[in-house]
Structure formats: C-alpha cells, structure tokens
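A.B. asks: sequence first, predicted coordinates after that:
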Amino acid sequence: MSTFPLLISSPDGDLFRGDAEMLILRGTEGDLAVMAGHVPFVTAVVKGACTVVTAGGERKEGTIEDGLLTVDKEQVTVLTSALTLNNA
C-alpha cells in the first residue's frame, strides 16, 4: 500500500513522525480517513479516537485532543494539544 509522510505535533514536541498508510480521526464534519494521494484540504480536528496505520501495517490507536489537520501534496500534518497512542 502507498504511504505518505505524517507529522503529529503538539506544543510539547512531535508526537508521531514517520510514513503512514492511513490516518483515521474525527473532524468537525465527522470521521475521516487520509491515505496517500488524498486531495489537499484543511479541517479542524475534534477530540476522539485516532488511528495511525504505519508503513509496516501496524495499527497505533489512541485518543487525540482538538487540533488542526492539514493535508497537502507533500505531507499530512496534525497540530494538537495532546495525543495518547495506546500501543505506541
């Protein structure tokens, strides 16, 4: 499966940096998934479940706080106050 560079960052530093196959979280309009080649967009993120599927297919699941998701052609970036991945 194709991958994309993913950065999840907070005021305390980077919480996740690496290649991912998929990012699943909740935006203001509902749940969404980002995969390689996704159309560029920006949306607010609301507190809820967050799943990162890494380049090797490992699922990292947890909870993310409010924030901002930016998808562009070169990278996917999530800025949040906190992220807790249960199996990081």
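C.D. replies: In hand now; what should we look at?

A.B. asks: mind listing the strands for this protein?
C.D. replies: Along the chain, the segments classed as strands by DSSP state E run 4-10, 13-27, 30-35, 41-45, 48-54, 59-64, 67-71, 76-80, 83-85.

A.B. asks: from R59, how far out is T70?
C.D. replies: Distance from T70 to R59, counting by Cβ to Cβ, to the nearest Å: 23 Å. Where you see a C-beta, it was placed from the backbone N, CA and C, and this is true even at glycine.

A.B. asks: can I get the strands of the chain in TSV with mean pLDDT and mean neighbour count?
C.D. replies: Putting these into TSV (pLDDT from 0 to 100; neighbours: other Cβ atoms under 10 Å) gives the following:
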stretch	mean pLDDT	mean neighbour count
strand 4-10	96	18
strand 13-27	95	17
strand 30-35	96	13
strand 41-45	96	14
strand 48-54	96	18
strand 59-64	94	17
strand 67-71	97	18
strand 76-80	97	19
strand 83-85	83	17
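
A.B. asks: find the nearest non-adjacent residue to G48, please.
C.D. replies: R26 (4.0 Å; Cβ to Cβ, 6 or more residues apart in numbering).

A.B. asks: that neighbour and A33 touch, don't they?
C.D. replies: No - under the criterion of Cβ atoms under 8 Å, R26 makes no contact with A33, lying 10.7 Å away.

A.B. asks: returning to that earlier point: what residues are up against the residue nearest to G48?
C.D. replies: Residues touching R26, when contacts are defined by Cβ atoms under 8 Å, 6 or more residues apart in numbering, comprise L32, V45, V46, K47, G48, A49.

A.B. asks: okay, and the beta partners of it?
C.D. replies: D31 (DSSP bridges).

A.B. asks: I'd like the distance between it and E74.
C.D. replies: If you go by Cβ to Cβ, the gap between R26 and E74 works out to 24 Å.

A.B. asks: show me the contacts for the most centrally placed residue in the chain.
C.D. replies: The centroid of the chain falls nearest to L23 when counting by Cα atoms, centre = their mean (4.7 Å). Taking Cβ under 8 Å, 6+ apart, we find L23 in contact with L6, A33, V34, C50, T51, V52, V53, V76, V78.
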